[in-house]
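Visitor: Whatever this is, show me its structure:
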Amino acid sequence: MFKKCEWTEVSSPKVNRFSKGFTAVSDDQKYFLKSPLEDGSSQSQFSAESLFYQTVPPALGIMPRLGEVTFNGEVARVFPYIEKDLVDFVGKFNPLTLKEKLLLPVLAAVRHIHKFGFVHGDLKLENIRIEETDNNFSIFVSDFGRAVQMNEFVPNRLGALSQHIPPDLSVGPQLDVYSIGVLAFQLLFGFDFIKKFQMAGRNFRLLPEAQAVDPQVLEFISRATEPSALKRFKSLQEAESFLTGQAPSQEYKIAPYDLAQNFEFYLECMRETFVASNRSSADFEAFVGPWGEKYHQRLKKWTSGTNSHLVHMQKGEGLTGICESTVREDGTALISTIFVIDTERGKGSAQALERAAMDFFESQNRTEALLNVSPDNHRAIAFYRELGWEVTPHCPYPDAIQMRKKIRKRGS
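Guide: Next comes the predicted model:
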């Protein structure tokens, strides 16, 4: 199909940091061709994109790869030629049509990517191509060189370098959620998301033009771009349900950890646990390791064994808390962490998580459980006392107190 391929211009191909691209024609049809550079980073991104297209089936809103062609001795990938990207629409997008024409189609396309186990990892204005024909508006999510599989642990090394990427430590689905929120902001209010919003107190009242924007879209942007993974939309499904006005489920359920989907949430829960215990940032960083990798390895080991019980509390499509408990080699039953986000405290979530841990210990034939808590965390101490925990005379850790509780069968 692409054997006869000619340049449409005599100028050199456009070269960016990771590839070079040019426009060519075949049988009077225009295409965009992309080739890797010789350096390792470019080759790595092309390999990542190849894996993506081999794994993720075609879908509406995903830029199709049409094949490959050899041109001037180089192998180039062939894509449809779509002239515009979202950069062309900054400050020009009709606020009244943003949700229907852009946000929902982008969310649906990226949700397809997540369904097949990938995170895009680089959603920005330039990577959303736009085709306008006969008053129709079509989006194409493109450039999958940074796409990663969710079964891998990938540090978020770009978080401090790019305003469309959150300050998370790891690459996961929430990264794409955040990036879509930034895209929406930039289309409505200009490129400088950090200065205009994040550093300005995240206050839309400081932007006069925000008065013309649907308050639901503003709330979407705010929740999608929360710096903390605890407050952000936890998934594209949750974000999509919000935009479509679907009433969130009020049903609570406890489920095992899903490191591929929710690691950043678990990590932020642990950070808040350290804060509540008056432990320093240095203590937290030492515990989780660079980029959170030490903590990830710990959780991965625990979830692969039978002596640990790692669960989160879920309300509808959002996560509300975690509980980490284990039976040590010496037989000690230990709850290491119970944490519930602010908005869900006092609603029974923490009690349900504690009960789940005690049920696990009972299944392991344990008769007593222990936990350690900071002596300054008066709220937690009072909570555990209400559930029947007692302070032990001694604690192996000088900066903590130890509590214990007899494990009783349900109904006894």
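Visitor: neighbours of Thr332, just the number please.
Guide: Thr332 has 12 neighbouring residues, counting by other C-beta atoms under 10 Å. For the C-beta atoms, the positions are set from N, CA and C on the backbone; glycine is no exception.
Visitor: what's the closest non-adjacent residue to it?
Guide: Leu370 (6.2 Å; C-beta to C-beta, 6 or more residues apart in numbering).
Visitor: And the strand ranked longest in the chain, what does it pack against?
Guide: Under DSSP state E, the strand in the chain containing the largest number of residues is strand 318-327. Counting contacts by 3 or more C-beta pairs under 8 Å, 6 or more residues apart in numbering; DSSP states H and E, strand 318-327 is packed against helix 259-276, strand 308-315, strand 333-340, helix 349-363.
Visitor: Next, report how far the second one is displaced from the centre of its chain.
Guide: Which is strand 308-315. 18 Å (C-alpha atoms, centre = their mean, to the nearest Å).
Visitor: Would you mind pulling up the elements that it packs against?
Guide: By 3+ C-beta pairs under 8 Å, 6+ apart, strand 308-315 packs against strand 252-256, helix 259-276, helix 293-303, strand 318-327, helix 349-363.
Visitor: so what strands line up beside that strand?
Guide: strand 252-256 (antiparallel), strand 318-327 (antiparallel) (DSSP bridges).
Visitor: Give me the residue ranges of the protein where confidence is low.
Guide: 1-13, 15, 160, 410-412 (pLDDT under 70).
Visitor: That one: helices as residue ranges?
Guide: Under the criterion DSSP state H, helices of the chain are mapped to 40-55, 98, 104-115, 173-189, 193, 215-224, 236-243, 259-276, 281-288, 293-303, 349-363, 378-386.
Visitor: Out of the ones you listed, the one nearest Leu86 is which?
Guide: Across those, Leu86 has its closest neighbour in helix 173-189 (6.5 Å, C-beta to C-beta).
Visitor: Could you check how far Asn377 is from His394?
Guide: With distances taken as C-beta to C-beta, to the nearest Å, Asn377 is found 19 Å from His394.
Visitor: So those two - more neighbours on which side?
Guide: A direct count of neighbours by other C-beta under 10 Å for Asn377 and His394 places Asn377 higher, at 18 against 6.
Visitor: Could you pull up phi and psi at that one?
Guide: Main-chain dihedrals, Asn377, degrees, to the nearest 10: phi -90, psi 70.
Visitor: wait, isn't it in contact with Phe274?
Guide: No - counting by C-beta atoms under 8 Å, Phe274 is not a contact partner of Asn377; they are 10.6 Å apart.
Visitor: quick one on the thing from earlier: can you redo the strands paired with strand 308-315 as CSV, where the extra columns are distance to Val213?
Guide: As requested, the strands paired with strand 308-315 are exported to CSV (distance: least, C-beta to C-beta, whole Å):
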stretch, distance to Val213
strand 252-256, 33
strand 318-327, 24
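Visitor: would a markdown table of the helices and strands packed on strand 318-327 with distance to Val78 be doable?
Guide: Conversion of the helices and strands packed on strand 318-327 to a markdown table gives the following (distance: least, C-beta to C-beta, whole Å):
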| stretch | distance to Val78 |
| --- | --- |
| helix 259-276 | 32 |
| strand 308-315 | 43 |
| strand 333-340 | 50 |
| helix 349-363 | 52 |
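Visitor: Mean neighbour count for those - can I get that in JSON lines?
Guide: Below are the helices and strands packed on strand 318-327 laid out as JSON lines (neighbours: other C-beta atoms under 10 Å):
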{"stretch": "helix 259-276", "mean neighbour count": "20"}
{"stretch": "strand 308-315", "mean neighbour count": "22"}
{"stretch": "strand 333-340", "mean neighbour count": "22"}
{"stretch": "helix 349-363", "mean neighbour count": "19"}
